[in-house]
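>>> Prediction below, plus the sequence it came from.
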Amino acid sequence: MNREHPTSANERTNSMNIFYAPPEKVTEDIIELTGQEAVHASKALRYRPGDSITVVDGKGGWYEGEVGLITSDRVQVTVQNVKRNQPLQPSLILAMGIIKKRDRLEFAVEKAVELGVKEMVLFRGEHSVKQNIRADRLESIILSAMKQSLQSWLPKLRVYNSLQQATETFANYNILVAHQEGSNIRDLDLFSRTKSEDYLMVVGPEGGFSDSETDYLRKKEAEFISFNSNRLRAETAVVSFLSVFRAQ
């Protein structure tokens, strides 16, 4: 008969779990894990006083410390080492038209975070199917993806009612658009300029962009890019788009 064994400290270290504490729960000497982060550490992973633990604050702070006091809803961490990580460059904002299937939308958000977006923007395109967005669930997915990919910057989620609202928020960013009729990615000189520029990367919903949205993007001097001769699903385009920059 199989028996479950408590997770050992060595196993926890090898799997490299990291935890999140918002900046207001972080001081120079002490960090406090609360809510689900505390439950996950103390109940699921069975951390005990004296165990080594790693915490990030979502603002670039990476903290290594030792577990101290554990209560029913809190885990106190004594800070031993601090590292400040700079944001990934170039700065990438992903704006994606809301897609109907929740699992596909969540997949796209998760992979975008793993690939290092600074912010995740969802907009209701003219071809988007009308539906409500569970922001709390998506924010939970963003947090989990940040920790899973060992990052210390927590992307912000924004939701807008139109493509125009999304682009106007990032008026100083260069706009790149995933579009089947755009220039082939291999023919562009993106690699020579990515380190010094910030990008708003736009992916349409399942139905693609409307004619008026395409015209609007052209007036904004957006650069249209194609990754493949095949027509890609929105979530596939997201992964292809971001991989161009983060694979360097």
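Cool, the structure landed.

>>> Once you drop chain neighbours, what's closest to Asp73?
Leaving aside its sequence neighbours, Asp73 sits nearest to Ala38 (Cβ to Cβ, 6 or more residues apart in numbering; 5.8 Å). Bear in mind the C-beta positions are built from the backbone N, C-alpha and C, glycine included.

>>> any idea how far that neighbour is from Arg48?
Distance, Ala38 to Arg48, using Cβ to Cβ, to the nearest Å: 13 Å.

>>> In terms of neighbours, single out the busier of the two.
Between Ala38 and Arg48, Ala38 has the larger neighbour count (other Cβ atoms under 10 Å), namely 21 against 11.

>>> contacting residues for the more buried one?
By Cβ atoms under 8 Å, 6 or more residues apart in numbering, the contact set of Ala38 is 73-75.

>>> swap in Val203?
Counted by Cβ under 8 Å, 6+ apart, Val203 has contacts 94-97, 108, 177-178, 234, 237-238, 241.

>>> how about His40, secondary structure?
What DSSP: H, G, I helix; E, B strand; the rest coil gives for His40 is helix.

>>> what's the neighbour count on it?
Using other Cβ under 10 Å, His40 is surrounded by 17 other residues.

>>> how far away is it from Ile53?
Counting by Cβ to Cβ, the gap from His40 to Ile53 is 11 Å.

>>> ditto for Ala112
From Ala112 to Ile53 the distance is 27 Å (Cβ to Cβ).

>>> Max pairwise distance over the contacts of Val203: which two?
Farthest-apart pair in the contacts of Val203 is Ala108 and Val177; separation 15.9 Å (Cβ to Cβ).

>>> Quick check: phi and psi on Ala166?
phi -60, psi -40 (degrees, to the nearest 10).

>>> hang on, I meant Leu94
The phi/psi pair for Leu94 (degrees, to the nearest 10) is phi -100, psi 120.

>>> likewise Gln89?
Per-residue torsions, Gln89: phi -120, psi 140 (degrees, to the nearest 10).

>>> How about Thr236?
Thr236 has phi and psi values of phi -70, psi -40 when expressed as degrees, to the nearest 10.

>>> What spatial separation is found between it and Gly208?
As judged by Cβ to Cβ, Thr236 and Gly208 stand 14 Å apart.

>>> so how many other residues sit close to the nearest residue to Gly35 once chain neighbours are set aside?
Nearest non-adjacent residue to Gly35, counting by Cβ to Cβ, 6+ apart: Asp73, 7.4 Å away. Asp73: 11 surrounding residues under other Cβ under 10 Å.

>>> Touching, Asp73 and Glu37? I think so.
No. Taking Cβ atoms under 8 Å as the definition, Asp73 is not a contact partner of Glu37, at 10.4 Å.

>>> can you list the domains in the chain?
Residue ranges of the domains in the chain are recorded as 9-84, 92-246, according to automatic domain parsing.

>>> which one of the ones you listed has the lowest average pLDDT?
Looking at those, the lowest mean pLDDT belongs to domain 92-246 (a mean of 87).

>>> Quick one: end-to-end distance for that domain.
Terminal residues of domain 92-246 are spaced 10 Å apart (Cα to Cα, to the nearest Å).

>>> ok now that domain, how far from the chain's centre?
For domain 92-246, the distance from its own C-alpha centre to the chain's C-alpha centre is 11 Å (Cα atoms, centre = their mean, to the nearest Å).

>>> show me where this protein has helices.
All helices of the chain, identified by DSSP state H, fall at 9-15, 35-39, 102-114, 135-148, 163-169, 211-219, 234-246.
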